[in-house]
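In: My questions are about this predicted structure, shown below with the sequence.
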Amino acid sequence: MEIVYFSDDLNIKLGVGPDMADITADVSKAVERSGIEDGITVCNVIGSTGSITTIEYEPGAIEDLKRTINRLADPAETYQHELAWHDGNGHSHVQAALLGPSISLPVRRRRLLLGTWQQIVIINHDNRPRNRNVVISIVGRARA
């Protein structure tokens, strides 16, 4: 077996934040295309008002997460960022920073190793719709 690096990009259209999309199937397809048997997948959203996490992607859990995100960094609060830039999205930067821009997931037998109810979710926190670019990087052992 040899060590291989594979990269792919996703472009996901999202509405006003917090808006979310399940990208598990897209990331799984990238893992399959990579030919990597065992390794690690890193997904990174480009931009300071987007984040990635995992959750059971069902309506109740999604609404709970959105509500909690807005409680952690309330859009109605005053943020120093907004006082400087007057763009109304100070909360978006704080929300994204709290959740983080990337996630690392194991690959075993050419498949993502996820729990039964665990999906990969990209989140737009911005106060306007955004096209979010996700970079998928996979490193590991592949059959020669």
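Out: All right, it came through fine.
In: What number of neighbouring residues does residue 133 come out with?
Out: 15 (other C-beta atoms under 10 Å). Just so you know, the C-beta spots here come from the backbone N, C-alpha and C atoms, and that holds for glycine as well.
In: Would you mind naming the residues that bridge with the spatially most central residue of the chain?
Out: Closest to where the C-alpha atoms of the chain average out (C-alpha atoms, centre = their mean) is residue 52, at 2.2 Å. Residue 52 forms beta bridges with residue 122, as assigned by DSSP bridges.
In: wait, doesn't it sit right on residue 105?
Out: No - Residue 52 lies out of contact with residue 105 (C-beta atoms under 8 Å); the separation is 10.2 Å.
In: Go through stretch 19-32 and flag the buried ones.
Out: Neighbour counts over stretch 19-32 (16 or more other C-beta atoms under 10 Å) mark 19-24, 26-28, 30-31 as buried.
In: How about stretch 68-85?
Out: In terms of neighbour count (16+ other C-beta under 10 Å), stretch 68-85 has its buried residues at 69-70, 73, 75, 79, 81-82.
In: Show me those that map onto helices.
Out: 69-70, 81-82 (DSSP state H).
In: okay, now residue 9: neighbour count?
Out: The burial count for residue 9: 10, using other C-beta under 10 Å.
In: Wait, a helix at it?
Out: No - using DSSP: H, G, I helix; E, B strand; the rest coil, the assignment for residue 9 is strand, not a helix.
In: Beta-bridge partners for it, please?
Out: residue 135.
In: That one touches residue 137, doesn't it?
Out: No - assessed by C-beta under 8 Å, residue 9 is found out of contact with residue 137, at 10.2 Å.
In: What strands line up against the helix or strand hosting residue 38, and which way round?
Out: Using DSSP states H and E, residue 38 sits in strand 36-45. Looking at strand 36-45 with DSSP bridges, its partner strands are strand 102-108 (antiparallel), strand 130-142 (antiparallel).
In: which of the ones you listed is buried the deepest?
Out: strand 130-142 (a mean of 19; mean count of other C-beta atoms under 10 Å).
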